[in-house]
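Engineer: Build me a model:
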Amino acid sequence: MSFAKARDLLRLAQMAAGRHAGVSLAEIAEEFAVDHRTAQRMARALEDTFPGIEIATGEDRRRRWRLGDAGLGRLQGVGDAELAALEMSLRAARREGREVDAGALERLRDRLLAQMPPSHARRAEADAEILTAMMREDGINGDLEPWDWRYYSEKRRQAEHDLDEAALKPYLSLDAMIAAAFGCANRLFGLEFTPLDLPLYHPDCRAWEVTRDGRHVAVFIGDYFARGSKRSGAWCSSMRGQAKLPQVQGPVVINVCNFAKGDPALLSYDDARTLFHEFGHALHHLLSDVSYESLSGTSVARDFVELPSQLYEHWLEVPEVLERYATHVETGAPMPPEMLDRLLKATTYDMGFQTVEYVASALVDLTFHEGAPPEDLMAAQRDVLDRLGLPHAITMRHASPHFAHVFSGDGYSSGYYSYMWSEVMDADAFAAFEEAGGAFDTAQARALERHILSQGGSSDPAELYTAFRGRLPGVEALLRGRGLAA
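Structural biologist: Okay, the predicted model is just below:
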């Protein structure tokens with residue numbers, strides 16, 4: 001059988017299996033006495049693991065266990081593991097004859113492991129003690145389980161960090177956050193944004209001409225509101241990339257989001273972060289300065305593409321940015337200091353748990369792709385987790401048979417680490433600004449543009465980052481940012 005044919009059959013088998021997070025829709029419907037459509041929504045919630053537990057279970061610990069166990073992959077049928085094993089065999093056949101850089105793999109593994117001990121010892125275990133005490137107050141004895149952690153962590157977050165979203169949103173209007181993103185780009189890179197009256201593909205879209213020192217740079221389009229014809233999520237695309245050959249052309253860049261439409265449109269803090277994230281991608285296009293369109297903007301390696309976007313999120317958390325732009329949509333008053341303080345402190349909540357579960361998943365993914373495919377995927381997973389010494393109540397973010405990033409295609413196979421690697425880089429890159437004197441240090445902004453944002457895929461990412469920072473990134477800034485440093 002050809003490789004392509006085997007892949008097609010595998011995709012069909014996965015579709016036919018009809019499993020969501022390792023438990024069938026019928027099982028969910030029967031257990032929770034809901035109709036098929038509701039069961040489907042619950043199953044989709046399980047893809048993010050804990051929302052299903054929070055939404056569906058309330059105070060019922062047995063139900064928390066039922067959905068929690070499903071979400072952790074412990075109820076998956078043998079067929080799921082067999083499909084995952086087949087996927088691994090096909091990948092091994094595809095890469096046969098290719099050399100693996102063992103040294104690079106070990107360096108990557110070391111960088112991931114460097115985040116595990118402080119996350120575990122300084123934060124996760126302390127959090128586990130607090131959550132266990134909360135469980136005891138509810139009259140529950142025994143060990144804190146993964147499904148208990150998610151439930152009690154959410155209760156603790158609401159008690160300690162929850163912000164009244166209805167009170168917060170008036171300070172985060174869409175227009176104000178667009179102005180904040182543009183304002184930061186102006187202070188950092190000298191870009192100016194002038195509204196354009198253009199016929200666009202939908203009346204909700206808005207366009208701006210981007211200039212610098214009076215010269216045309218690009219056209220930027222924002223398509224911010226949700227509508228039925230648009231897929232979910234948020235993304236950045238270029239309708240035309242920057243190039244110098246065979247002719248000079250400026251980019252036409254678009255950010256697409258799914259914010260709730262209103263008059264005025266008000267954002268949650270997560271929405272505002274999304275806007276900054278996607279605009280970080282847009283800057284990678286807007287400031288591109290390469291010869292060929294195929295190398296421009298975000299035409300870079302997968303584990304490098306998120307650096308500009310995640311880095312730009314940091315400017316939303318700069319107090320002076322929020323103090324200037326997070327003003328009440330009706331009164332114009334700045335966000336109250338206590339609200340601002342509460343908002344910023346909440347950004348590092350539960351980071352011990354999040355770091356440990358992510359790193360565990362990334363290391364299992366790397367182990368699966370390190371050599372010959374393991375004969376028993378679940379046994380290989382257990383071996384990695386046992387060697388890591390995970391706390392009892394923290395597991396992988398996704399158990400292997402329903403680890404969609406790894407097994408739904410080749411894009412993230414052996415590449416799940418890239419999310420945190422990008423975060424290591426963005427934290428280290430923002431630290432360069434802090435070390436130089438502030439978030440808007442002119443020299444650092446010029447270096448960021450010259451060595452990273454303007455270069456696209458024209459050079460090796462390691463060379464680009466080293467030219468900007470003087471060295472490769474370390475994990476120290478990430479640990480500080482996550483509240484995990486000593």
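Engineer: quick one: buried residues of the longest strand seen in the chain?
Structural biologist: For the chain, the strand that runs over the most residues, judged by DSSP state E, is strand 215-225. Neighbour-count burial for strand 215-225, counted by 16 or more other C-beta atoms under 10 Å, picks out Val217, Ala218, Val219, Phe220, Ile221, Gly222, Asp223, Tyr224, Phe225. C-betas here are computed from N, CA, C, even on glycine.
Engineer: May I have the strands that pair with that strand, each with its orientation?
Structural biologist: Strand 215-225 has these partner strands in its sheet, going by DSSP bridges: strand 206-212 (antiparallel), strand 252-259 (parallel).
Engineer: Surely Glu192 is in contact with Thr211?
Structural biologist: Yes: Glu192 sits in contact with Thr211 when judged by C-beta atoms under 8 Å, with a separation of 5.1 Å.
Engineer: if we can go back for a sec, wait, which of the strands paired with strand 215-225 is closest to Ser268?
Structural biologist: When the strands paired with strand 215-225 are ranked by distance to Ser268, counting by C-beta to C-beta, first place goes to strand 252-259 at 9.0 Å.
Engineer: So which residues make contact with that closest one?
Structural biologist: Outside strand 252-259, the residues that touch it by C-beta atoms under 8 Å, 6 or more residues apart in numbering are 174, 218-226, 230, 232-240, 265, 267, 271, 274-275, 278-279, 281-282, 285-286, 297.
Engineer: Strand 206-212 and whatever helix or strand comes next after it, what's the angle between them?
Structural biologist: Beyond strand 252-259 in the direction of the C-terminus, DSSP states H and E gives the next helix or strand as helix 269-286. Between the direction of helix 269-286 and that of strand 206-212, the angle (axes from the mean of the first three to the mean of the last three C-alpha atoms, to 10 degrees) works out to 50 degrees.
Engineer: Show me which residues of helix 269-286 are buried.
Structural biologist: Neighbour counts over helix 269-286 (16+ other C-beta under 10 Å) mark 269, 271-286 as buried.
Engineer: what helices or strands is the helix or strand following that helix leaning on?
Structural biologist: Toward the C-terminal end, the helix or strand that comes next after helix 269-286 (DSSP H and E) is helix 302-316. In this structure, helix 302-316 packs against helix 174-189, helix 269-286, helix 418-436, helix 461-469, with contacts taken as 3 or more C-beta pairs under 8 Å, 6 or more residues apart in numbering; DSSP states H and E.
Engineer: which residues touch the following helix or strand past helix 302-316?
Structural biologist: Beyond helix 302-316 on the C-terminal side, the first helix or strand identified by DSSP H and E is helix 319-325. Outside of helix 319-325, the residues within contact range by C-beta under 8 Å, 6+ apart are 176-177, 179-180, 183-184, 315-316, 334-335, 340, 343-344, 439.
Engineer: ok, now with 10 Å
Structural biologist: Under the criterion C-beta atoms under 10 Å, 6 or more residues apart in numbering, residues 171-173, 175-184, 187, 269, 272, 276, 314-316, 318, 326, 334-335, 337, 339-341, 343-344, 438-440 lie in contact with helix 319-325.
Engineer: Can you tell me which of these are classed as buried?
Structural biologist: 171-173, 176-178, 180-184, 269, 272, 276, 314-316, 318, 326, 334-335, 339-340, 343, 439-440.
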